[in-house]
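Q: need coordinates for the below:
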Amino acid sequence: MNADLLNHLRTVAFDRYLALWLSPPPSRDCLLALFSLEAELDSLPGKVSNPTLGVIRVTWWRDALLALEAKPAPANPILEALEPYKAKAALLADYAETFDAAFYEEEVEARLATRRDFLAVLLMDCFAVPLPAIHAGLRGEAGPETPAALRLFAAAQHEKSRLQLVWQAFKLAIWR
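A: The predicted model follows:
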């Protein structure tokens, strides 16, 4: 696991960082790569001063993810972490493209629903869990078959403070 990427994830997306440590060890590399990509794309609206620049950055990510199929990853820690999953490059690129909704006022809900669908398919590969369980977890309707990491990730959408997330992670770690 890339230590720099892990520290960056802890800083920018603490909920995903906790979810990563609750996941089974074989799925952690996949989740670190996916959560890091999501955190980076999610942070774009705060990094740009103009919506057009944001769309350009999303387009760069989409193109860089598509290029993973054909050539080695450029010197970018997130792309390097995603390189083992280059068979899913087209799906990752389509997922990245849904983040441009932050820069447009129309179709935001439709884009968010599409983003959840892409995320569900990508998470299914990380966890080796059936797609209905992943969808239920993302909607916050997690059952016993839903991985603890996904339950924490879903809970993080509703709980705001780090203390609440740590408590939720503690409960999930004990009762999983």
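
Q: so where's this protein uncertain?
A: Low-confidence regions of the chain, defined by pLDDT under 70, span residues 102, 104-112, 127, 129, 131, 134-176.

Q: again, 50 this time
A: Along the chain, the model assigns pLDDT under 50 to residues 175-176.

Q: mind listing the helices for it?
A: With DSSP state H, the ranges of helices along the chain come out as 3-12, 14-22, 28-42, 44-47, 51-67, 77-82, 89-97, 108-127, 131-138, 148-156, 162-174.

Q: tell me which of those helices sits most buried.
A: Stretch with highest mean neighbour count among the helices of the chain: helix 148-156 (a mean of 23; mean count of other C-beta atoms under 10 Å). Any C-beta I mention is one placed from the backbone N, CA and C, and that applies to glycine too.

Q: quick one: contacts for Glu80?
A: Under the criterion of C-beta atoms under 8 Å, 6 or more residues apart in numbering, the neighbours of Glu80 are Asn2, Ala73.

Q: any idea how far Leu119 is from it?
A: 21 Å (C-beta to C-beta, to the nearest Å).

Q: cool, and Arg16?
A: With distances taken as C-beta to C-beta, Arg16 is found 12 Å from Leu119.

Q: between the two, which contacts overlap?
A: Here Arg16 and Leu119 have Glu38 as joint contacts, going by C-beta under 8 Å, 6+ apart.

Q: and the residue lying closest to Leu92 once chain neighbours are set aside, what does it touch?
A: Nearest residue to Leu92 in three dimensions, chain neighbours excluded: Leu65, at 4.5 Å (C-beta to C-beta, 6 or more residues apart in numbering). Leu65 makes contact with Leu79, Leu82, Ala89, Leu92, Ala93, Ala96, according to C-beta under 8 Å, 6+ apart.

Q: how about TSV for the residues you listed, with distance to Thr52 added?
A: TSV is the format used below for those (distance: C-beta to C-beta, whole Å):
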residue	distance to Thr52
Leu79	23
Leu82	26
Ala89	25
Leu92	23
Ala93	20
Ala96	17
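
Q: so which of the residues you listed comes closest to Leu31?
A: Leu82 (11.6 Å; C-beta to C-beta).

Q: thanks a lot, see you next time.
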